[in-house]
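Chemist: prediction below, plus the sequence it came from.
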Amino acid sequence: MGRLQSKTESDITGSAMYDHRYTPTFKDCVQRYQNRSEVLAALSQTLTELAMQPFGNPRLQTHAVKKAQQDTFTSYVTNQGHRLIWRRVGNVIVLLLFGEHDAVYRRAERLRLEIDDTQNVLRVIDEDPETGQQVPYTQRRADEGRLFMAWNDAELAAFGFAPQEIKVLRRLNVDTDLTSLDSHMRPHAWQMAMNLAMYGDPHGETPSPVVDEEPALVADPPAPVDERLSDALSTPKTSPEFVPVPADRLADWLAKPIEDWMVYLDPAQQDLVERTYSGPARIRGAAGTGKTVVALHRARALARLGKRVLVTTYVRNLPEVYQQIFARFAKPERDLVEFANVHRWALQYLHRHDKPIRVDQQAANNAWRAAQSRVVTAASPLKRAGLSSAYLREEVDWVIRGRALPDLDSYLALERNGRGTPLSRELRTDVWRLADEYASELANRGAADFTDVLLKAHEVARCNPSEYDAVIIDEAQDLTDAALRLLYALVGDRPNGLLLVGDGQQSIYPGGFNLSAVGVQVRGRSHVLTHNYRNTRQVYEAAQALMAGHHFDDGGERPETGLRSVELSRTGAPPVLSTNASAEEHDLALAEAVESAIGEGTGIGDLAVLVPTHALAQHYTDLIDSLGLPAQRLEDYDGTPTTLVKVGTYQRAKGLEFKRIFLPRLDADGLRERPGRGEDAESHAERTALLRRQLFVAMTRARDGLWLGWVGAPSSLLPPSLTGSSTKLSRER
Ligand SMILES: Nc1ncnc2c1ncn2[C@@H]1O[C@H](COP(=O)(O)OP(=O)(O)OP(=O)(O)O)[C@@H](O)[C@H]1O
């Protein structure tokens with residue numbers, strides 16, 4: 001089987017006269033209108049018309065763009081004074097631009113489709129606004145905002161903008177970026193810029209297009225097919241930027257809010273969605289590279305083939321969020337895929353199989369205390385080694401019980417993945433005793449903890465016929481061995497069965513699984529995604545600075561280097577850094593930053609305050625409340641768009657994203673960075689490494705902007721390259 005695509009989907013594509021491709025230029029044009037639903041609705045209608053009858057359609061008035069590359073056409077977008085620009089290559093319609101009529105016309109004259117012979121790929125080529133040189137659009141896009149892309153520097157200067165103003169305009173992406181500059185520009189220049197952005201003309205709305213358009217074409221004009229372009233468009237390898245899209249679906253997506261852009265797939269992602277795997281497979285990739293998007297699309301593709309699919313993760317409320325997203329883009333399949341947190345799923349599974357188990361966290365805590373008082377006595381080696389109670393509990397929960405180790409020998413022989421602190425034979429023997437005592441204390445109380453649930457469910461799964469054809473695990477790096485063993489038992493090595501999706505750099509719990517120990521073999525079925533779609537370059541680079549020099553384990557033979565090569569195509573403002581003398585001053589600065597983000601037009605629901613501890617989460621929920629803004633704890637967030645500021649811990653932010661992220665109290669006290677009482681150097685180093693990864697996760701949740709604040713000196717986790725040089729920059733903003 002080559003493609004997992006459903007029959008209906010290919011039928012729809014096949015019945016249209018033309019195939020459609022969207023390009024990065026088109027996507028950026030459309031994103032400018034994310035808050036203008038009436039414009040998107042009109043575009044949506046135009047695309048539907050275009051799919052049915054591109055030429056000779058009175059509603060489209062399609063005609064050639066005179067000075068553009070041959071076969072470039074423009075169509076009306078009803079009543080909005082907007083135009084759609086597209087290029088025909090054989091029976092493919094390449095969507096190029098969308099916007100105000102004059103502005104897109106001008107751009108259309110400059111854009112070209114060209115094959116880059118050095119790499120044998122087709123690209124959209126644009127003109128550098130300053131030098132007039134031909135450059136790949138994606139390159140231009142990496143350094144420039146998209147609001148004034150239609151004009152080169154000379155044209156902007158001719159309108160009357162000063163060189164310094166042109167530099168500012170080049171940084172802006174959306175209308176609201178410009179609105180916020182109201183009092184920072186000369187009033188006349190600002191008004192002209194607004195007119196250009198809104199109407200494509202420095203004087204404002206013009207009654208009719210000033211550009212000389214050709215008469216509308218009445219019929220499908222004959223055109224010689226450019227074979228080279230046509231060949232290049234026939235496979236994703238030679239046209240990676242030109243994403244095939246069924247015309248009817250594109251129209252549908254455009255009408256939806258920006259969250260729904262989760263529906264887009266690039267060719268590398270599409271390939272992973274459709275691929276057939278002969279056994280367990282794995283998808284890795286840096287933060288924001290679309291791993292979840294691929295996981296959800298693959299779930300849909302499998303469901304369409306009639307497969308029973310479970311999508312699961314360790315993170316507690318993430319499955320609900322995924323379910324919401326899934327329901328938005330895969331309505332017909334929404335009841336065919338099950339979404340559940342692994343622990344909750346296991347509890348229900350045991351219930352279904354008449355083996356219910358009761359988890360009593362309080363009883364488990366009591367059992368732990370009793371076991372500890374018996375084993376960790378004043379004279380015990382564990383006490384002398386300075387291992388904290390929390391560390392020991394993690395060791396027992398994650399390393400020993402989580403791996404279902406059968407005996408002391410296997411523990412002595414174990415490579416403790418992700419645990420930096422070496423434990424001698426003597427110490428391990430004592431930890432083993434502690435685990436033993438804990439298990440008997442639990443049994444005496446008739447109680448169970450979550451590890452028991454996973455272990456019991458695994459026993460049941462091994463002896464029962466499978467209820468699933470496919471299990472997709474997101475954020476897989478945070479699973480314990482016990483959880484992975486259970487999920488693996490559900491589908492085994494069947495084709496398209498187990499899919500692990502994750503990123504070792506974001507692992508935020510100690511321990512972690514070991515694929516080979518569980519017996520999961522993914523060799524030859526492991527892929528890496530490399531294009532970060534979430535973060536602006538500035539956000540991602542700030543987060544990356546944290547990881548420089550810090551290797552991480554991604555399940556390979558060797559640790560991976562902290563800095564990874566990732567493609568980024570969005571740019572934005574540098575992170576705002578806020579140094580404060582006192583906690584009061586700090587909180588005031590945060591409050592001002594939140595209010596000014598709202599003032600600049602960011603939706604309240606797109607703001608999130610993330611913190612390392614529950615206590616700080618409470619503190620900042622109260623602070624947001626005191627500003628008269630509604631706040632929502634991440635525990636209560638299920639992915640439904642709301643107009644509430646989100647507040648939560650770094651752990652809770654896993655897998656989520658928001659436009660602006662505020663990270664207060666990035667100082668030693670706020671992060672509880674110093675060694676605890678009795679904490680030895682190695683366990684402290686291990687805790688610090690975890691904290692660094694948690695902070696990295698928190699920073700990479702930001703799509704557009706980051707605010708980092710501290711009291712006194714910044715945390716030692718933040719490198720001087722981040723806190724030193726850019727302070728001035730952001731202060732100036
Ligand atoms: N091909 C694409 N085109 C446009 N946007 C995309 C594409 N793929 C993913 N995205 C967007 O990028 C963002 C990140 O995607 P996603 O959450 O799937 O990444 P991830 O790799 O799972 O991230 P993380 O590991 O950090 O949680 C989402 O907003 C998603 O909609």
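Modeler: Right, received. Where do you want to start? Numbering: from 1, shown residues only.
Chemist: nearest to the ligand: which residue in the stretch 401-550 of the chain?
Modeler: Y533 (3.3 Å; Cβ to the nearest ligand atom). The C-beta positions use only the backbone N, C-alpha and C, and glycine is treated the same way.
Chemist: from R703, how far off is that residue?
Modeler: Plainly put, Y533 is 9 Å away from R703 if you go by Cβ to Cβ, to the nearest Å.
Chemist: same question for A158.
Modeler: 35 Å.
Chemist: give me the more crowded residue out of the two.
Modeler: More neighbours surround R703 than the other of A158 and R703, with 20 against 11 (other Cβ atoms under 10 Å).
Chemist: which residues sit in contact with the nearest residue to that one once chain neighbours are set aside?
Modeler: Counting by Cβ to Cβ, 6 or more residues apart in numbering, K659 is the residue found nearest to R703 once chain neighbours are left out, at 5.0 Å. By Cβ atoms under 8 Å, 6 or more residues apart in numbering, the contact set of K659 is T602, G603, D606, L607, A702, R703, D704, G705.
Chemist: K659 is in what secondary structure piece?
Modeler: Per DSSP states H and E: K659 is located in strand 658-663.
Chemist: among the contacts of K659, which two are most distant?
Modeler: With Cβ to Cβ as the measure, no two of these lie farther apart than G603 and A702, at 14.3 Å.
Chemist: compare the two (neighbour count), which wins?
Modeler: Set G603 next to A702 and count neighbours by other Cβ under 10 Å: A702 wins out with 29 against 17.
Chemist: isn't that one up against I661?
Modeler: Yes - using Cβ atoms under 8 Å, A702 is in contact with I661, at 3.8 Å.
Chemist: would you say L96 is within a helix?
Modeler: No - counting by DSSP: H, G, I helix; E, B strand; the rest coil, L96 is not found in a helix; it is strand.
Chemist: can you name the residues that contact it?
Modeler: So L96 contacts T23, T25, F26, T72, I85, W86, R87, A108, L111, V124 (Cβ under 8 Å, 6+ apart).
Chemist: now those residues in CSV, with pLDDT and secondary structure?
Modeler: CSV is the format used below for the contacts of L96 (pLDDT from 0 to 100; DSSP: H, G, I helix; E, B strand; the rest coil):
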residue, pLDDT, secondary structure
T23, 88, coil
T25, 90, helix
F26, 89, helix
T72, 94, strand
I85, 96, strand
W86, 95, strand
R87, 94, strand
A108, 94, helix
L111, 94, coil
V124, 93, strand
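Chemist: tell me, how many residues neighbour R170?
Modeler: Neighbour count of R170, defined by other Cβ under 10 Å: 18.
Chemist: quick one: contacts for it?
Modeler: P129, E144, G145, F148.
Chemist: these: which two are farthest apart?
Modeler: Across the contacts of R170, no pair lies farther apart than P129 and G145, at 11.2 Å, counting by Cβ to Cβ.
Chemist: output the set of residues of the chain in proximity to the ligand.
Modeler: Counting by Cβ under 6 Å from any ligand atom, the chain comes close to the ligand at 261-262, 264-266, 269, 285, 287-293, 503, 506, 533-534, 655, 657, 700.
Chemist: among those residues, which lie within helices?
Modeler: By the criterion of DSSP state H, membership of the residues of the chain next to the ligand in helices covers Q269, K291, T292, V293.
Chemist: for the residues you listed, point out the one with the lowest pLDDT.
Modeler: In terms of pLDDT, Q269 ranks lowest among those, with 86.
Chemist: residues in contact with stretch 387-404?
Modeler: With contacts defined as Cβ under 8 Å, 6+ apart, stretch 387-404 is touched by 368, 372, 376, 382, 405, 411, 414, 416, 419, 421, 423, 427, 431-432, 434-435, 438-439, 449, 451, 454-455, 458, 480-483, 485, 509-512, 517, 676, 678-680, 683.
Chemist: correction: stretch 23-31
Modeler: Here stretch 23-31 makes contact (Cβ under 8 Å, 6+ apart) with 40, 43, 94-99, 104, 111, 124, 126, 137-138, 141, 146, 149, 174, 241-243, 254, 258, 264, 569.
Chemist: how many other residues sit next to Y411?
Modeler: Y411 has 20 nearby residues by other Cβ under 10 Å.
Chemist: and it, what does it touch?
Modeler: V399, I400, L405, R428, V431, W432.
Chemist: how many other residues sit next to the fourth one?
Modeler: Looking back up the chat, that one is R428. 20.
Chemist: which residues touch the residue nearest the centre of the chain?
Modeler: Centroid-nearest residue in the chain: G288, 3.4 Å away (criterion: Cα atoms, centre = their mean). Listed by Cβ under 8 Å, 6+ apart, the contact set of G288 reads N532, Y533, R534, N535, Y540, E657, T700.
Chemist: which residue packs closest to the residue of the stretch 401-550 of the chain closest to the ligand, ignoring adjacent ones?
Modeler: G290 (5.7 Å).
Chemist: just checking, that neighbour touches L529?
Modeler: Yes - counting by Cβ under 8 Å, G290 does reach L529; the two are 5.8 Å apart.
Chemist: and the strands in the stretch 151-300 of the chain, which stretches?
Modeler: 243-244, 281-285 (DSSP state E, counting those that start in this stretch).
Chemist: ignore the last one, the stretch 301-450 of the chain
Modeler: Counting by DSSP E, counting those that start in this stretch, the strands of the stretch 301-450 of the chain are 309-313, 337-341.
Chemist: now tabulate the contacts of K659 in TSV and tack on secondary structure and pLDDT.
Modeler: Conversion of these to TSV gives the following (DSSP: H, G, I helix; E, B strand; the rest coil; pLDDT from 0 to 100):
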residue	secondary structure	pLDDT
T602	coil	81
G603	coil	81
D606	helix	89
L607	strand	94
A702	strand	95
R703	strand	90
D704	strand	89
G705	strand	93
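Chemist: and the spatially closest residue to C29 that is not a sequence neighbour, how many neighbours?
Modeler: Spatially, and ignoring its direct neighbours in sequence, C29 is nearest to F98 (4.3 Å; Cβ to Cβ, 6+ apart). Counted with other Cβ under 10 Å, residues neighbouring F98 total 27.
Chemist: how close does F98 get to R146?
Modeler: 12 Å.
Chemist: how about the residue of the stretch 551-700 of the chain found nearest the ligand, what does it touch?
Modeler: Among the residues of the stretch 551-700 of the chain, G655 lies closest to the ligand, at 4.6 Å counting by Cβ to the nearest ligand atom. Taking Cβ under 8 Å, 6+ apart, we find G655 in contact with T292, T313, V315, L318, V321, D474, E475.
Chemist: which one among these gets closest to the ligand?
Modeler: After measuring the contacts of G655 against the ligand - Cβ to the nearest ligand atom - the closest member comes out as T292, at 3.4 Å.
Chemist: I'd guessed the closest one sits against F326; true?
Modeler: No - using Cβ under 8 Å, T292 is not in contact with F326; the gap is 10.3 Å.
Chemist: which SS state does L577 fall under?
Modeler: strand.
Chemist: isn't it up against T723?
Modeler: Yes - L577 is in contact with T723 according to Cβ under 8 Å; the separation is 6.2 Å.
Chemist: touching both of these two, which residues are there?
Modeler: Common contacts of L577 and T723 (Cβ under 8 Å, 6+ apart): L708, P714.
Chemist: just give the nearest non-adjacent residue to T23, would you?
Modeler: Nearest one to T23, counting by Cβ to Cβ, 6+ apart, is V124 at 5.4 Å.
Chemist: what distance do you get for the one you found to L147?
Modeler: Counting by Cβ to Cβ, the gap from V124 to L147 is 18 Å.
Chemist: now A68, nearest residue through space, not along the chain?
Modeler: Excluding its sequence neighbours, the residue lying closest to A68 (Cβ to Cβ, 6+ apart) is A108, at 4.6 Å.
Chemist: how about the one you found, what does it touch?
Modeler: Taking Cβ under 8 Å, 6+ apart, we find A108 in contact with V65, A68, T72, T74, I85, L96, L97.
Chemist: hmm, back to that, quick one: buried residues of the strand holding K659?
Modeler: F658, K659, R660, I661, F662, L663 (16 or more other Cβ atoms under 10 Å).
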